[in-house]
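A.B. asks: Structure for this input, please:
(chains A and B)
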Amino acid sequence: EAGVTQFPSHSVIEKGQTVTLRCDPISGHDNLYWYRRVMGKEIKFLLHFVKESKQDESGMPNNRFLAERTGGTYSTLKVQPAELEDSGVYFCASSYGLTQDTQYFGPGTRLTVL
Amino acid sequence: RKEVEQDPGPFNVPEGATVAFNCTYSNSASQSFFWYRQDCRKEPKLLMSVYSSGNEDGRFTAQLNRASQYISLLIRDSKLSDSATYLCVVPNQGAQKLVFGQGTRLTINP
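C.D. replies: Numbering: from 1, shown residues only, chains lettered A, B, ... in the order given. Reported below is the predicted structural model:
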């Protein structure tokens, strides 16, 4: 069974540009999560989808970040315009359905904003 | 105070040694706890779940102390392949988001 996949693996952009990250969850997983780790800090929650609906977006840092999950399959996270402090590793995770279900993480997208 | 706190290390121990590290959490209502392992530039992977007083899986033992609000991870007979960062994770109750500690870096030396 394929795991969570993320694209791209790396992205280097300049401040003010736009970047879109993509996550494909494990097939059949209704729950999809975005997390982020900035340098020197712990991994932090950004938001949670249940199918195509945003269940919790309390971790989104500001309105420059837009997440979508049209059709309840893959998800995109767009940063527009990117700022220097957005640099970090963006992880996507998915889980089947229940609260205690294991969250499986993708390999992450390493974003560098210059 | 952070919700989940860990000693970042690094811990450097010889192969075959026993090593333990702790994690403290602030929410006394937390019911479940996890240890994830993260290799360099890789994704976090679930190592162990802890729902009651503790859990054992081979060389790994996780223990929970609810009164003091900490969980520990013990690794016996450590292997070179155990070198990684170990993340203490506590789900936010009422939500499904995971709250991570900063991680403890462990290096096993030959």
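
A.B. asks: going forward, measure contacts between C-alpha atoms and count neighbours the same way
C.D. replies: Noted.

A.B. asks: Run through the residues that contact the residue of chain B found nearest chain A.
C.D. replies: Nearest to chain A in chain B, going by CA to the nearest CA, is residue B:102, at a distance of 4.3 Å. By CA atoms under 8 Å, 6 or more residues apart in numbering or on different chains, the contact list for residue B:102 reads A:41-43, B:4-6, B:8, B:87-88.

A.B. asks: so which of those residues comes closest to residue A:94?
C.D. replies: Within the contacts of residue B:102, proximity to residue A:94 (CA to CA) peaks at residue A:43, which comes in at 15.5 Å.

A.B. asks: what are the bridge partners for residue A:32, then?
C.D. replies: Here residue A:32 shows beta-bridge partners residue A:49, residue A:94, assigned using DSSP bridges.

A.B. asks: Tally up the residues packed near it, please.
C.D. replies: Using other CA atoms under 10 Å in any protein chain shown, the number of residues around residue A:32 comes to 32.

A.B. asks: same question, residue B:2
C.D. replies: Look at residue B:2: counted by other CA under 10 Å, it has 12 neighbours.

A.B. asks: Can you check the pLDDT for the residue lying closest to it once chain neighbours are set aside?
C.D. replies: Distance criterion CA to CA, 6 or more residues apart in numbering or on different chains; nearest residue to residue B:2, sequence neighbours excluded, is residue B:26 at 7.3 Å. For residue B:26, the pLDDT comes out at 93.

A.B. asks: contacting residues for residue B:26?
C.D. replies: Taking CA under 8 Å, 6+ apart, one finds B:1-4, B:69 in contact with residue B:26.

A.B. asks: swap in residue A:106?
C.D. replies: Residue A:106 makes contact with A:3-6, A:23, A:91-93, B:43, according to CA under 8 Å, 6+ apart.

A.B. asks: Isn't residue A:54 up against residue A:46?
C.D. replies: No - between residue A:54 and residue A:46 there is no contact under CA atoms under 8 Å: 11.1 Å.

A.B. asks: what about those two, which has more around it?
C.D. replies: residue A:46 (21 against 16).

A.B. asks: Which residues of chain A lie near chain B?
C.D. replies: Contact residues, chain A versus chain B (CA under 8 Å from any CA of the partner chain): A:33, A:41-45, A:47-48, A:56, A:91, A:99, A:102, A:104-108.

A.B. asks: Show me where the chain has its strands.
C.D. replies: Using chain A here. Assigned by DSSP state E, the strands in chain A fall at A:5-7, A:10-13, A:19-24, A:31-37, A:44-50, A:53-56, A:65-68, A:75-79, A:88-95, A:104-105, A:109-113.

A.B. asks: Please refer instead to chain B.
C.D. replies: B:4-6, B:11-14, B:19-25, B:33-38, B:44-50, B:54-57, B:60-65, B:70-75, B:84-91, B:98-100, B:104-109.
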